[in-house]
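Student: When you get a sec, could you give me coordinates for this:
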Amino acid sequence: MSEPLLFYALAVPAVVLLGLSKGGFAGLGALSLPMLALAISPVRAAAILLPILIVQDVVGVWAFRRDWDAAILAWMLPGAGIGILLGYLFAAQVSSAAVLAVVGAISVLFGLYRLWSERRGAVAVAAQAPGWVGSLLGVASGFTSQIAHAGQPPFQVYVLPRRLPRDVLVGTTAIFFAAVNWAKVPAYWALGQFDRDTLGVAALLLPVAIASTFAGVWLVRRVSPERFYTAIYALMVLVGVKLIWDALA
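Tutor: Numbering: from 1, shown residues only. The predicted structure follows:
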C-alpha cells in the first residue's frame, strides 16, 4: 500500500463525497475519481473506489429498498451492461494518458451539465420520453460509469424529468448503480486491477465510506443540498481541466 501522501489527502474527502452521494446527495460522488486521478493512475483509482462503492451500495439500497421504479430499471439496465462492455474495451486498448484525458473530459462535461441544469432547473428530455431513449442513455451511463464512476448525468437526463417522489428517485438511483457497480467487477478484474495493494487501500477507506453513507442517508431527509452543489460542480470543471492538461503534457 505504497500510495503517495497526496493520495490519502485526497482519498478521505473523495470517499466522504461518495458516501454523501450514495446516501442521497446524487451527483456529489462524481468528483471522487477525478480527485484521486490527480495523484495516481485513473484506472487504479477507479479500481480502489469500486469495492468501496459496492459496500456503500448496500447501505443505500437497504435504506430505500421499498421505494423504486421497476420500469426505469427495466429499460436502462440492459443498456448499461452494453456501455460497461464498451468502457472496458476502451480502457483495455488505449494508453493511461488517454484514459486520464477521458476522465478529465467527463469531469468537465458533468460539471458544466450540472451547473447548467441547476441554473435552468430542467433537463432536456421530455417527461414521457419512450423507453428506448432510456436504453440509449443507459448505454451512456454504463460507459461513463465504467471509465470514471460518473454515470449520473445520462441516468438523470432520463429520470429527473419524470419528477419521481424523492424517496423513489433515491431508491431507483441506488438500485441502478448497485447493479452497475457489480457488473463492472469482471471488467476491472480482466484489466488486472484487483491486486492485494488495491484491495488493501480500499479496505483502509471503508470505515470512512460506511460512516459517510449513513450520514448522507440522515442528512438528505433533513437539509437542502443545493448550497453545496454549485461549489462541487465548479470544482469538477477545474479538476477536469487539470486532468486533461496532465494527459496532454
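Student: Just list the residues touching Leu112, thanks.
Tutor: Shown in contact with Leu112 (Cβ atoms under 8 Å, 6 or more residues apart in numbering): Tyr233, Val237. All C-beta atoms are positioned from the backbone trio N, CA, C, and that covers glycine.
Student: Quick check: the gap between it and Gly79.
Tutor: Leu112 sits 24 Å away from Gly79, going by Cβ to Cβ, to the nearest Å.
Student: and what of Ala247?
Tutor: Distance from Ala247 to Gly79, by Cβ to Cβ: 28 Å.
Student: Neighbour count: the two, which is higher?
Tutor: Gly79 (23 against 20; other Cβ atoms under 10 Å).
Student: what about this protein, any weak spots by pLDDT?
Tutor: 1-3, 23-24, 26-27, 120-128, 220-221, 223-229, 232 (pLDDT under 70).
Student: Do a quick rundown of the helices in it.
Tutor: 5-22, 32-36, 42-63, 70-93, 96-120, 131-148, 152-159, 166-190, 196-220, 226-248 (DSSP state H).
Student: Highest mean neighbour count out of the ones you listed?
Tutor: Of these, the one with the most neighbours on average (mean count of other Cβ atoms under 10 Å) is helix 32-36, at a mean of 26.
Student: which helices and strands does that one pack with?
Tutor: helix 5-22, helix 42-63, helix 96-120, helix 226-248 (3 or more Cβ pairs under 8 Å, 6 or more residues apart in numbering; DSSP states H and E).
Student: how far does it sit from the chain's center?
Tutor: Offset of helix 32-36 from its chain centre (Cα atoms, centre = their mean, to the nearest Å): 10 Å.
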